[in-house]
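Enquirer: Quick one: sequence plus predicted model below, questions after.
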Amino acid sequence: MKFVSNVFICVLTLFSCTFALGEAPRPNIIIILVDDMGFSDIGCYGSEIETPNIDRLAEQGLRFTQFYNYGRCCPTRAALMTGRHPHQVGIGHMTEPPERPLGFEGPYQGFLNDNCTTIAQVLKDSDYHTLMTGKWHLGLHRQECWPMQRGFDKFYGCLSGAINYFEPGGGRGIMFGNDPVITDKDFYATDTFTDYACEFISETTKTDDKPFFLYLAYNAPHWPLNAKWEDFQKYKGKYTGGWEPLMKSRLAKQKAMGLFDEDIIPAPHVGPKWDSLKPEQQDDLDSIMAAYAGCVDSIDQNIGKLTNHLDSLGKLDNTIIFFLSDNGACQEGGRLGKGSTEMVKNPPLQTTNGVRLGLAWANACNTPFRLYKHFIHEGGACTPMIAHWPKGIPQSKRGSFVRNVAYLPDFMATCIDLSGAEYPPSLPPCEGVSITPLLNGSTKPVHTEPIFWEHEGNAGVRSGDWKLVREYKKPWELYNISKDRTEMNNLATSNKKQKSDLVQLWETWATRNEVRYPERFNMYQHLKSTQQKESRKKENQ
């Protein structure tokens, strides 16, 4: 039934698209993905960080309040690029690490499989220029999985999951097309990725009148938090009060702008009380958060550079820009993170060692939600998502919120809808649906079927207002999201049949997609086990 439903949707999409595109020129499409940014980390979602350019996109566009990711960097990228679940395309856990390819097959092989297509491939076949700058993270050792082999005409960026912003190295370098390049002294990842994006766009306008698709995937604000010194200084000293007042002020702003109702109950902070920390710890924590804020501020500066460039070329009005984060803020780095003013001023180079946000600040960055990256609770799996399209979004809807559920696989269906492209009928169908009706002002749900997640044993299903979710090896929890957005009132005991029905739905989905449960698959544990077996084998020879 799912296959028939998806085929029917694709036929309707293509019919409506052909009709709609008969007169109007097809839009340029830009997807901007930032890395490890929390739900409340930009001004238009509640932050004190200065993000005027991103906020302007929201003021003139739409803000989604229930847009879901996959909780982690590469599973999110896999779903976004292919329109399918990560397990279906070979990235059920993570990609193979830089130091060693695994050769593991199936849902957890660690690179895009050959049974999927990408947005770039689909749009290229529909006569779009296809451009990418930034972080790929969908396969490193197998060249068939690289951007140029998966549909992009031009690529400048990194294949791995993390790089040094100032001087990449240590097996995590920069590529131009299929070739490694050495960066110069002026390189700064956020700036350079934007510069190449602008250059690629300019080159297409000189070639012909074909529309373009740009995937701009910033590595910021992923660790190491290599903020520029001037961006860091702008925020140093602003976080000396700690996480409690930060969360309080962000929530107040979210309520004032109408993002959440006045009666919302925020998830409590899980870190230590600020006053229990020594002054030296507080100073380092202020520096860590200032470095993080500086990285977000730098992203915003570059969004301004990109939109100004589009405007100068006369391309802004008919370019649809999507802006989102790949998951919630990142707790990797321990409870209190890692870093100091000195580490920001003199960062280690050619390495991903450096400043890390840590659990306590990550919790605050996801205000008002629970948990963070890795998890399927709202703090890990719900992302800020903005759509900006002067020619396509009705004037009366600009600056408003879209409160309908949408998620990453919808990008494939939406790009097909906007472009008039055709999804290859020989491949398994995409799992998403077009959100174009939402861009046009519709308030009807685009998802009438459940949506599913699994990452590292953390799992969930969203069906209507109900969300079933769990942390690995912990009991299933059940929430009515329409009444309890922050997942504070677990109804699993009082609504046993609802819980049971959703558990059955999830297990059916997981079985069909070869998801490992109840014991999860972890690539890093698999690698460690493989290495231990190899060592024992050599010892016994």
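Expert: Happy to help now that I have it. Residues are numbered from 1 along each chain as shown.
Enquirer: Now the closest residue in space to residue 57 that isn't next to it in sequence: phi and psi?
Expert: Using Cβ to Cβ, 6 or more residues apart in numbering and skipping residues adjacent in sequence, the residue nearest residue 57 is residue 388, 4.2 Å away. All C-beta atoms are positioned from the backbone trio N, CA, C, and that covers glycine. Backbone torsions of residue 388, given as degrees, to the nearest 10, read phi -130, psi 120.
Enquirer: which residues does residue 388 contact?
Expert: Contact partners of residue 388, counting by Cβ atoms under 8 Å, 6 or more residues apart in numbering, are 57-58, 60-62, 320-321, 323.
Enquirer: after the longest helix belonging to the chain, next one along is what?
Expert: Taking DSSP state H as the criterion, the chain has its longest helix at helix 279-312. Going down the chain from helix 279-312, the next helix or strand is strand 319-325, by DSSP states H and E.
Enquirer: now for whichever helix or strand comes after that following strand, which elements pack on it?
Expert: Downstream of strand 319-325, the next assigned helix or strand under DSSP H and E is helix 341-345. Packing partners of helix 341-345 (3 or more Cβ pairs under 8 Å, 6 or more residues apart in numbering; DSSP states H and E): helix 229-235, helix 279-312.
Enquirer: For residue 136, find the nearest of the ones you listed.
Expert: Across the helices and strands packed on helix 341-345, residue 136 has its closest neighbour in helix 279-312 (18.1 Å, Cβ to Cβ).
Enquirer: what inclination does the closest one have with respect to strand 319-325?
Expert: Orientation of helix 279-312 against strand 319-325 (axes from the mean of the first three to the mean of the last three Cα atoms, to 10 degrees) gives an angle of 170 degrees.
Enquirer: So for the residue positioned nearest the centre of the chain, what's the nearest residue that isn't a sequence neighbour?
Expert: Nearest to the mean C-alpha position of the chain, counting by Cα atoms, centre = their mean, stands residue 326 at 1.3 Å. The shortest distance from residue 326 to any non-neighbouring residue, by Cβ to Cβ, 6+ apart, is to residue 76 (4.2 Å).
Enquirer: Repeat that for residue 203.
Expert: Sequence neighbours aside, residue 154 is the residue nearest to residue 203 in space, at 7.7 Å (criterion: Cβ to Cβ, 6+ apart).
Enquirer: That neighbour contacts residue 120, doesn't it?
Expert: No. Contact criterion Cβ atoms under 8 Å: residue 154 and residue 120 do not qualify, at 10.4 Å.
Enquirer: Common neighbours of the two, please.
Expert: When Cβ under 8 Å, 6+ apart defines a contact, the residues bordering residue 154 and residue 120 alike are 130, 132.
Enquirer: most tightly surrounded among the helices and strands packed on helix 341-345?
Expert: Of the helices and strands packed on helix 341-345, the one with the most neighbours on average (mean count of other Cβ atoms under 10 Å) is helix 279-312, at a mean of 21.
Enquirer: which other helices and strands contact it?
Expert: strand 28-34, helix 52-59, helix 189-207, helix 229-235, strand 319-325, helix 341-345, helix 359-365.
Enquirer: ok, 6 Å please
Expert: The contact analysis (3 or more Cβ pairs under 6 Å, 6 or more residues apart in numbering; DSSP states H and E) places helix 279-312 against helix 52-59, helix 189-207, helix 229-235.
Enquirer: So which bits of stretch 513-529 are buried?
Expert: Buried residues in stretch 513-529, counted by 16 or more other Cβ atoms under 10 Å: 513, 515-516, 520-523, 527.
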